[in-house]
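Q: A structural model of the following input is requested.
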Amino acid sequence: YINTADVNRVAPFYWGGFYLVGDPEPIQFANNNWRYWILGIGFSLLLLGLFYFINKKKR
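A: From the prediction side, this is the model:
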């Protein structure tokens with residue numbers, strides 16, 4: 001941050017609150033995200049269908 005910040009923003013007041021906790025290495029994820037997309041879309045469609053039938057019964 002200090003190397004790329006504006007000259008007026010290099011005081012510790014602006015960057016002192018940032019500190020590293022834990023491992024700085026990027027997290028490697030497996031390529032199985034399609035399962036979560038399918039579950040999310042299916043759950044969303046289920047909720048939409050449920051709301052549709054509840055509103056249809058009220059009318």
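Q: now the helices for the chain?
A: Assigned by DSSP state H, the helices in the chain fall at 12-15, 33-58.
Q: List the buried residues for the shortest one?
A: Going by neighbour count (16 or more other CB atoms under 10 Å), nothing in helix 12-15 comes out as buried. For glycine as for every other residue, the C-beta is placed from the backbone atoms N, C-alpha and C.
Q: Is there a neighbour count for Leu46? I'd like the number.
A: By other CB atoms under 10 Å, the residues close to Leu46 number 10.
Q: How about Pro24?
A: Neighbours of Pro24 using other CB under 10 Å come to 6.
Q: circling back: want to throw the helices of the chain into TSV with mean pLDDT and distance to Asn3?
A: Listed next are those as TSV, based on pLDDT from 0 to 100; distance: least, CB to CB, whole Å:
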stretch	mean pLDDT	distance to Asn3
helix 12-15	82	11
helix 33-58	91	34
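Q: Throw those helices into CSV and include distance to Tyr1, thanks.
A: As requested, these are exported to CSV (distance: least, CB to CB, whole Å):
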stretch, distance to Tyr1
helix 12-15, 5
helix 33-58, 31
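Q: Identify whichever of those lies nearest to Asp23.
A: Closest approach to Asp23 among the helices of the chain (CB to CB): helix 12-15, 21.1 Å.
Q: Residues in contact with the closest one: which ones?
A: 1-2, 5, 9 (CB atoms under 8 Å, 6 or more residues apart in numbering).
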